[in-house]
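**Student:** need a 3D model of the sequence below.
(one chain, ligands or ions: 1)
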Amino acid sequence: MAVSFRPLRGSFGAEVVGIDPKLAVDEPTFRSVEEAWYRHSILLFRGLTMSPADHIAFTRRLGPLHIMTPLQYNHPDYPEVFVVANAEENGKPFGMRKVGLGFHTDGEDKVRPNAGSFLHAHKVPPEGGDTMWADMYAAWETLPGEIRRTVAGRRARFSRIDLHHVHYPEEPAWTEEQKRARPDVWHPIARRHPRSGRIALYVGRWAVDIEGLPANEGRELIQTMQAHSRKPEFIYRHSWRVGDAMLWDNRCTLHCATEFDDQRYVRMMFRTTIEGEVPELAIAV
Ligand SMILES: [Fe+2]
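**Tutor:** You can find the predicted model right below:
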């Protein structure tokens with residue numbers, strides 16, 4: 001079966017056209033999809049009828065799967081599937097609510113952030129609940145030279161401890177035990193992608209300040225780079241239909257969920273997640 005790729009926004013993003021709706025594909029087809037993923041960073045599939053087992057099987061071909069913790073939000077029969085939903089099953093909440101509001105990349109607060117994520121829409125609201133992705137190769141390439149020279153070779157500190165109350169204001173403050181379980185991590189600001197070899201700007205929402213710079217200066221620079229990466233020219237915004245699925249590369253994109261009326265509508269998405277590697281510092285910039 002010959003698949004083709006229809007650009008979504010210039011070279012950023014492509015829709016995969018003509019693929020089996022369960023993603024049961026032969027090796028050459030899989031390779032062409034994988035190569036397109038590294039070329040376009042985000043891949044949209046439409047009209048998929050894949051089951052959770054199909055979803056897992058396809059994602060596993062891209063790399064080892066990550067099982068999300070806490071386990072309570074994973075599919076009861078398929079722990080590899082993380083459920084993002086305001087749904088109920090058998091009278092009990094099913095899935096995690098209000099996930100991913102604010103530009104971030106999955107697992108950026110861990111030593112080995114997740115390489116990729118694959119989100120499949122099962123129920124969508126008639127309005128709202130879009131997802132946005134930012135092209136972080138383009139964000140790096142267009143960053144003012146002065147900032148690039150300042151941050152080149154440096155790492156940013158990512159801290160859930162510092163920012164938990166900012167991103168989750170309605171949740172209780174973290175206990176000392178929770179803080180110990182999620183210590184700060186440092187990642188290169190200019191990150192080299194292990195497959196494409198290209199450099200991406202790597203500053204999601206848990207980035208706080210910069211190693212080797214005064215805290216205030218670092219904080220200001222992080223905020224400037226975050227604002228830069230959210231400029232409309234770097235963003236693809238997707239309005240979901242049932243059966244849509246998006247495969248994104250966490251090493252060179254940010255993404256952000258948007259609100260919807262969760263008292264009126266049900267939104268239910270299944271996500272598989274791919275284990276990542278320790279981010280590589282790009283030396284030559
Ligand atoms: Fe996310």
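**Student:** so what's whichever residue of the stretch 151-285 of the chain sits closest to the ion bridging to?
**Tutor:** The ion sits closest to His255 of the stretch 151-285 of the chain, with a gap of 5.7 Å, by C-beta to the ion. Where C-beta positions appear, they are placed from N, C-alpha and C, glycine not excepted. Beta bridges link His255 to His104, Trp133 when assigned by DSSP bridges.
**Student:** for it, give me the pLDDT.
**Tutor:** pLDDT, His255: 98.
**Student:** now the closest residue to the ion within the chain: how far from Leu143?
**Tutor:** Using C-beta to the ion, Gly100 is the residue of the chain that sits closest to the ion, at 3.9 Å. Note on Gly100: its distance to Leu143, by C-beta to C-beta, to the nearest Å, is 24 Å.
**Student:** check contacts around Thr224.
**Tutor:** Ile147 (C-beta atoms under 8 Å, 6 or more residues apart in numbering).
**Student:** also Ile189?
**Tutor:** 151-152, 154-156, 201-203, 210, 225.
**Student:** do the same with Val266
**Tutor:** Val266 makes contacts with 85-87, 123, 125, as judged by C-beta under 8 Å, 6+ apart.
**Student:** and which of those residues is nearest to Asn216?
**Tutor:** Taking C-beta to C-beta as the measure, Asn216 sits nearest to Asn86 out of the contacts of Val266, at 39.2 Å.
**Student:** assess the claim that the closest one and Asp262 are in contact.
**Tutor:** Yes - under the criterion of C-beta atoms under 8 Å, Asn86 makes contact with Asp262 at 4.5 Å.
**Student:** quick one, what contacts Val17?
**Tutor:** 3-6.
**Student:** please name the bridge partners of it.
**Tutor:** Beta-bridge partners of Val17, as defined by DSSP bridges: Ser4.
**Student:** now Lys22: how far from Asp54?
**Tutor:** 5 Å.
**Student:** for Pro125, same thing?
**Tutor:** For Pro125 relative to Asp54 (C-beta to C-beta), the value is 25 Å.
**Student:** for the ion, what are the nearby residues on the stretch 101-250 of the chain?
**Tutor:** Asp106 (C-beta under 5 Å from the ion).
**Student:** can you pull out the strands in the stretch 101-250 of the chain?
**Tutor:** 116-123, 131-135, 155-158, 185-188, 190-192, 199-201, 207-210, 235-238, 245-249 (DSSP state E, counting those that start in this stretch).
**Student:** what is the neighbour count of the residue of the stretch 151-285 of the chain closest to the ion?
**Tutor:** 24 (other C-beta atoms under 10 Å).
**Student:** so who does it touch?
**Tutor:** Taking C-beta under 8 Å, 6+ apart, we find His255 in contact with 100, 103-105, 131-134, 248.
**Student:** among these, name the buried ones.
**Tutor:** Among the contacts of His255, those buried by neighbour count (16 or more other C-beta atoms under 10 Å) are 100, 103-105, 131-134, 248.
**Student:** closest one to Arg241 out of these, please.
**Tutor:** Nearest member of the buried ones among the contacts of His255 to Arg241, counting by C-beta to C-beta, is Thr131, at 12.5 Å.
**Student:** OK, contacts around that closest one?
**Tutor:** Contacts of Thr131 by C-beta under 8 Å, 6+ apart are 100, 119, 237-238, 240, 246, 255-258.
**Student:** please indicate which of these are buried?
**Tutor:** 100, 119, 238, 240, 246, 255-257.
**Student:** which residues in this protein form helices?
**Tutor:** 27-40, 52-60, 136-141, 145-151, 160-167, 176-181, 215-229 (DSSP state H).
**Student:** which of those sits closest to Lys110?
**Tutor:** Among those, the nearest to Lys110 by C-beta to C-beta is helix 160-167 (9.7 Å).
**Student:** what mean pLDDT does the closest one have?
**Tutor:** Per-residue scores along helix 160-167 average to 92.
**Student:** by contact count, what packs against it?
**Tutor:** For helix 160-167, not one helix or strand is in contact under the criterion 3 or more C-beta pairs under 8 Å, 6 or more residues apart in numbering; DSSP states H and E.
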